[in-house]
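>>> no sequence on this one, just coordinates:
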């Protein structure tokens, strides 16, 4: 409505022949007209159609759609520090830069044959992409998408995260190494840490950027690195956590990025088991297990850590369970619908957005009352990413 | 430049008489023209002139100034969830709402005679203000600034913070109580917790909203509350931390909001001493002391917790010291200039902005190299507040 007002004013002035005053007036008033703060926006990945839905947390509404992003199965994205641009990592090796204010693609490169995710440096200058095919990590200028560094590894790379000091950390599936790439200087400086374990398949870094933890496909433990050490040395944690129990078929690999701090513990979706594991955040020793409805995919702590929301692998992926951090008991279970793929909390945790792929919608819940507040139509929604991620490390 | 382009296009079309197409085209392209993302903006309080400087972190520049905010000594502010509006708490009891996109005041109420700070609820609906005169807490609708709740306490109130569940916590100087006000329902529900100690003068809540800690003017300890308990009970921590030592004159009361998590410990500016205290984040026991250049005012952990930056009370307030978290040793000392009042880190910690009041400027430092990167002229700058605060609890 304000926009319409300004334009009518503009045209009215022009009709009177006063071209220059109209120009000046429009330059001043146009920004108010469609000005849009970006702190409460977000993007929902629509995997079947290769599009992104631009959403507004405060309005609980979709604002528009950005199309033409290619194969968005397993897509993830990161945001520029100003929360205006998103860098989308497609499974097909495409790196796409979108402008969420203009709601359009502003850059796109096919940087590899098969990529698995990426990260943005703490200063917002570099976007790094982790590749399966041909392997390695490539680093791009965040403004132009020009490639600024190519880091071949001779291996599929996984678990790419940013840490302070314009550095990235990632692991090598084939050789069981973790590499730290320092891009603060003219050329990347690489630190190689061998002995991580057999076939790291995913990794995470704690919110302070200090502890890097890799999940292993070929070993019955995880491996932690203290990145504050001058030479980080691998340390096995949760040894034998599946020992003596027959593994269930792994329908979907749990996502370690869902491992979040809940009170004084981390919560971890167990591989091949119907349970989540609790790990002391300081000692990294196991402190408990909570049986769950199915094989957990994401175990997401609400930002205050009091509750943990868990979704599950196929065929039990219509359900969510909520676990209380103090008692480690399931306090709530409900079924949003078929294909619950992802959950994203508002930054201060008062609401959670849940993508229900096969129902074609995102459902928004109050996290105190568990009541549904709104639904937004979306085309096979998967990942939900709010712009507040721009301000956090290691995502 | 893009703006100029669109306008010329508009005028060209209008000159040909095609008014309606021009209107449609402008509606589409105008948002790009002066669209402004808000994720990397901030406000610098200019205390002498009652104004705010709007700054851009990425550009390391001032974008404009908002004037007419009254008495801004000891002013603080909070942001709306979309990072568009700031609520400024003036010492004179004024609550002012400013639009950082339009760079103008959009609302202002004189809500008390002497106020001391405020907070915004986790859902962004309510702004609460803590008052010295006449005491109590008043709560306002964040959209309209209409008062929605008046909570008289019969005391000066301090240490007002937001916690999850549309709740605020604050303490009473005169009676040594902490109150929890729950605004999730129709009327505020108040929980009163007596026995906090003599004359609480400031308080903080941990980043997860769980632990509330009050500093006491009349007791030689601090008091902690676990807000996850059904009935939080006061617990004395750091008992006798100044015992047996002659207190130095307190030129400036340390700010507890500067108490931040550094690794596994909190860092606390000691009252009346030339040192900071280290406190185990879990047990809340003291774990060390670091002698400092003067009486610390703010001890701010870099977002990754690896370093702590400390500024000092008059007359030693021209200096900053940086302490390494692992060794607890001062690793850097330098003098930005006269009147170092505040420090604000970029959200992921790669830079820090320092207000140097009596030099009339804000200096930006690289936090890895400690090199100054830029300066911005400002009129008696004090508090610096980046929009990323919108996404954090308890500020």
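Nice, I can see it. Keep in mind it's a predicted model, so treat the numbers as computed, not measured. Numbering: from 1, shown residues only, chains lettered A, B, ... in the order given.
>>> contacting residues for residue A:395?
A:78, A:119, A:161, A:162, A:257, A:389 (C-beta atoms under 8 Å, 6 or more residues apart in numbering or on different chains). Quick note: C-beta positions are derived from backbone N, CA and C, even for glycine.
>>> got the buried residues for whichever helix or strand the second one is part of?
In this case it means residue A:119. Element membership for residue A:119 (DSSP states H and E) is strand A:114-120. Neighbour counts over strand A:114-120 (16 or more other C-beta atoms under 10 Å in any protein chain shown) mark A:115, A:116, A:117, A:118, A:119, A:120 as buried.
>>> least confident of the contacts of residue A:395?
Of all the contacts of residue A:395, residue A:257 carries the smallest pLDDT score, 63.
>>> how about the helices in chain A?
A:2-15, A:19-34 (DSSP state H).
>>> the ones you listed: lowest mean pLDDT?
Of all the helices of chain A, mean pLDDT reaches its minimum on helix A:2-15 (a mean of 30).
>>> residue contacts, the residue lying closest to residue A:368 once chain neighbours are set aside?
Nearest residue to residue A:368 in three dimensions, chain neighbours excluded: residue B:165, at 5.4 Å (C-beta to C-beta, 6 or more residues apart in numbering or on different chains). Counting by C-beta under 8 Å, 6+ apart, residue B:165 touches A:350, A:368, B:122, B:182, B:184.
>>> and those residues as TSV, adding neighbour count?
Output for the contacts of residue B:165, formatted as TSV (neighbours: other C-beta atoms under 10 Å in any protein chain shown):
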residue	neighbour count
A:350	24
A:368	17
B:122	28
B:182	15
B:184	17
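>>> hmm, which two among those are most spread apart?
A:350 and B:182 (13.3 Å; C-beta to C-beta).
>>> identify the contacts common to these two.
Joint contacts of residue A:350 and residue B:182 (C-beta under 8 Å, 6+ apart) are B:165, B:166.
>>> close to chain B: what parts of the stretch 101-250 of chain A are there?
Counting by C-beta under 8 Å from any C-beta of the partner chain, the residues of the stretch 101-250 of chain A close to chain B are A:101-102, A:122-124, A:163-166, A:184, A:208-210, A:228.
>>> what about 10 Å?
Residues of the stretch 101-250 of chain A lying close to chain B (C-beta under 10 Å from any C-beta of the partner chain) are A:101-104, A:120-125, A:162-166, A:184, A:206-210, A:227-229.
>>> pull out the buried members of those residues.
A:101-103, A:120-125, A:162-166, A:184, A:206-210, A:227-228.
>>> look up the closest residue to the residue in the stretch 201-350 of chain A positioned nearest to chain B, ignoring the ones flanking it.
As assessed by C-beta to the nearest C-beta, chain B sits closest to residue A:347 within the stretch 201-350 of chain A, at 3.5 Å. Excluding the flanking residues, the one nearest residue A:347 by C-beta to C-beta, 6+ apart is residue B:391, at 3.5 Å.
>>> surely residue A:197 and residue A:176 touch.
Yes: at 5.5 Å, residue A:197 counts as touching residue A:176 under the criterion of C-beta atoms under 10 Å.
>>> which residues are in contact with both of these two?
A:214, A:216, A:218, A:219, A:223, A:234 (C-beta atoms under 10 Å, 6 or more residues apart in numbering or on different chains).
>>> re the thing from before, what's the local residue count around the residue of the stretch 201-350 of chain A closest to chain B?
23 (other C-beta atoms under 10 Å in any protein chain shown).
>>> which residues touch it?
A:39-40, A:57, A:303, A:386-389, A:391-392, B:81, B:122, B:388, B:390-393.
>>> switch to 7 Å and redo it
For residue A:347, the contact set (C-beta atoms under 7 Å, 6 or more residues apart in numbering or on different chains) comprises A:303, A:386, A:388, B:391.
>>> now residue A:93
Per C-beta under 7 Å, 6+ apart, neighbours of residue A:93: A:110, A:111, A:112, A:113, A:114, A:115.
>>> picking that back up, between the contacts of residue B:165, which is closest to residue B:272?
Among those, residue B:122 lies closest to residue B:272 (C-beta to C-beta), at 34.9 Å.
>>> pretty sure the closest one contacts residue A:350?
Yes: counting by C-beta atoms under 7 Å, residue B:122 touches residue A:350, with 4.6 Å between them.
>>> and for the two, which residues touch both?
Shared contacts of residue B:122 and residue A:350 (C-beta under 7 Å, 6+ apart): residue B:164.
>>> return the residues in contact with residue A:212.
Taking C-beta under 7 Å, 6+ apart, one finds A:169, A:178, A:203, A:205, A:225, A:227 in contact with residue A:212.
>>> ok, residue A:140 next?
Residue A:140 makes contacts with A:95, A:126, A:127, A:146, A:147, A:148, as judged by C-beta under 7 Å, 6+ apart.
>>> now, the residues you listed that are in strands?
Using DSSP state E, the subset of the contacts of residue A:140 located in strands is A:95, A:126, A:127, A:147, A:148.
>>> just put those in JSON lines and tack on neighbour count and pLDDT.
Listed next are the ones in strands among the contacts of residue A:140 as JSON lines, based on neighbours: other C-beta atoms under 10 Å in any protein chain shown; pLDDT from 0 to 100:
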{"residue": "A:95", "neighbour count": "23", "pLDDT": "96"}
{"residue": "A:126", "neighbour count": "21", "pLDDT": "98"}
{"residue": "A:127", "neighbour count": "27", "pLDDT": "98"}
{"residue": "A:147", "neighbour count": "14", "pLDDT": "97"}
{"residue": "A:148", "neighbour count": "18", "pLDDT": "96"}
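>>> which of the residues of the stretch 101-250 of chain A next to chain B fall in strands?
Per DSSP E, these map to strands at A:104, A:120, A:162, A:163.
>>> now the second one: closest residue in space that isn't a chain neighbour?
By that I understand residue A:120. Looking at residue A:120 with C-beta to C-beta, 6+ apart, the closest residue is residue A:78, at 4.4 Å.
>>> who's that neighbour bridged to?
residue A:87 (DSSP bridges).
>>> so it touches residue A:87, yeah?
Yes: counting by C-beta under 7 Å, residue A:78 does reach residue A:87; the two are 5.3 Å apart.
>>> shared neighbours, the two?
Joint contacts of residue A:78 and residue A:87 (C-beta under 7 Å, 6+ apart) are A:118, A:120.
>>> and for residue A:278, the neighbour number?
24.
>>> what's the neighbour count on the nearest residue to it once chain neighbours are set aside?
The shortest distance from residue A:278 to any non-neighbouring residue, by C-beta to C-beta, 6+ apart, is to residue A:288 (4.1 Å). By other C-beta under 10 Å, 13 other residues sit near residue A:288.
>>> check residue A:288 and give its pLDDT.
Residue A:288 is given a pLDDT of 93.
>>> ok, now how distant is it from residue A:275?
10 Å (C-beta to C-beta, to the nearest Å).
>>> also residue A:266?
Taking C-beta to C-beta, one finds residue A:266 at 14 Å from residue A:275.
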